[in-house]
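> task: produce atomic coordinates for the following.
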Amino acid sequence: MLQNIAIGQYVPGHSFLHRADPRSKLLFIILFATLVFLANNTVTYAVLVAFTLYAGLLSRLSLGYILKSLKPVWILIVFTIILHIFLTKGGAVYFQWGWFTVEERGIQQAIFISLRLGLLVVISSLLTLTTSPIDLTEGLERLLGPFGRIGVPVHEIALMMSIAIRFIPTLMEETDKIIKAQTARGANFTSGSLVKRAQSLIPIAIPLFVSAFRRAEDLALAMEARGYRGGVGRTRLHKLAFSWRDAGIAAAGVLLAITIGWWRA
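Now for the predicted structure:
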């Protein structure tokens with residue numbers, strides 16, 4: 001079911017990652033994403049996978065729930081694997097049938113690129129699963145604060161990003177409800193030609209867009225009714241503060257960067 005997708009959801013808790021400062025988690029994800037693209041061999045990818053699994057343990061969330069974040073991209077991952085197996089050439093030939101060959105380099109790239117995509121999705125999901133939308137907004141705003149001095153609307157950008165992330169599971173749930181309603185009315189989304197399947201998505205897309213605009217309008221009215229006037233002059237009940245957990249995340253980031261740099265071919 002679409003509502004079981006983990007991307008954008010927040011699960012309250014008291015784990016190490018839940019209590020860490022959102023700024024340190026955001027900075028670590030930027031570093032991690034950079035290291036994922038720098039990894040280029042089995043050892044470096046194994047280190048990244050092991051570190052991601054350890055981060056999952058620190059979140060105290062079930063592995064199955066974390067892996068649900070891969071549901072929206074599994075088709076892209078499979079397509080990437082097939083594409084590289086078919087088109088990437090080099091190394092020993094494992095299978096040949098006419099012009100079609102499966103070679104060592106193609107299999108290696110298929111594994112590495114799919115791992116790269118999966119790691120980015122899982123580590124990003126850990127951020128939203130362990131960080132409340134309010135904390136995420138404040139963390140983004142504090143990190144982007146220096147850009148406010150040159151006229152960039154930092155608060156508004158951070159707010160838009162956090163609202164967009166927050167509404168992913170809501171829109172997924174709404175899509176699931178629309179699909180069930182249309183199926184109950186006799187709609188068929190699984191058979192027919194590609195053109196017919198594309199046409200069958202229209203009864204889903206139109207109600208979804210209407211619902212999204214209605215939710216956006218309701219949110220805007222609610223914010224206006226509560227006196228929201230942007231980030232100027234706003235104060236906060238709970239201020240962000242770094243702790244020993246954030247020092248641990250920083251140390252882990254440095255150690256991970258050194259390890260990847262050392263083993264990178």
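> what helix or strand is the nearest residue to Glu174 once chain neighbours are set aside on?
Distance criterion Cβ to Cβ, 6 or more residues apart in numbering; nearest residue to Glu174, sequence neighbours excluded, is Ser211 at 5.3 Å. Glycine gets a C-beta too; all of them are placed from N, C-alpha and C. According to DSSP states H and E, Ser211 maps onto helix 202-225.
> quick one, helices of the protein?
Taking DSSP state H, the helices of the chain run over residues 16-19, 22-38, 42-59, 63-67, 74-87, 104-130, 133-143, 154-184, 194-200, 202-225, 244-263.
> now for the longest one, which elements pack on it?
Spelled out, that is helix 154-184. helix 133-143, helix 202-225 (3 or more Cβ pairs under 8 Å, 6 or more residues apart in numbering; DSSP states H and E).
> now that helix against helix 104-130, angle please.
Counting by axes from the mean of the first three to the mean of the last three Cα atoms, to 10 degrees, helix 154-184 lies at 100 degrees to helix 104-130.
> helix 154-184 versus helix 133-143: what angle between them?
Helix 154-184 and helix 133-143 are oriented at 140 degrees to each other (the same axes, to 10 degrees).
> about what we covered before: now the helix holding Ser211 - C-alpha only, PDB.
Coordinates of each C-alpha in helix 202-225 appear next as PDB, following Å, rounded to 0.1, in the frame of the first residue of the first chain:
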ATOM      1  CA  ILE A 202      -6.400  10.700 -15.500                       C
ATOM      2  CA  PRO A 203      -9.100   9.800 -13.000                       C
ATOM      3  CA  ILE A 204      -6.400   9.600 -10.400                       C
ATOM      4  CA  ALA A 205      -4.400  12.700 -11.300                       C
ATOM      5  CA  ILE A 206      -7.300  15.200 -11.400                       C
ATOM      6  CA  PRO A 207      -8.700  14.400  -7.900                       C
ATOM      7  CA  LEU A 208      -5.200  14.300  -6.500                       C
ATOM      8  CA  PHE A 209      -4.300  17.800  -7.900                       C
ATOM      9  CA  VAL A 210      -7.700  19.100  -6.600                       C
ATOM     10  CA  SER A 211      -7.000  17.600  -3.200                       C
ATOM     11  CA  ALA A 212      -3.400  19.000  -3.100                       C
ATOM     12  CA  PHE A 213      -4.600  22.500  -4.000                       C
ATOM     13  CA  ARG A 214      -7.300  22.300  -1.400                       C
ATOM     14  CA  ARG A 215      -4.900  21.200   1.300                       C
ATOM     15  CA  ALA A 216      -2.500  24.000   0.300                       C
ATOM     16  CA  GLU A 217      -5.300  26.600   0.600                       C
ATOM     17  CA  ASP A 218      -6.400  25.200   4.000                       C
ATOM     18  CA  LEU A 219      -2.800  25.300   5.300                       C
ATOM     19  CA  ALA A 220      -2.300  28.900   4.100                       C
ATOM     20  CA  LEU A 221      -5.600  30.000   5.800                       C
ATOM     21  CA  ALA A 222      -4.600  28.200   9.000                       C
ATOM     22  CA  MET A 223      -1.200  29.900   9.000                       C
ATOM     23  CA  GLU A 224      -2.700  33.300   8.300                       C
ATOM     24  CA  ALA A 225      -5.300  32.800  11.100                       C
END
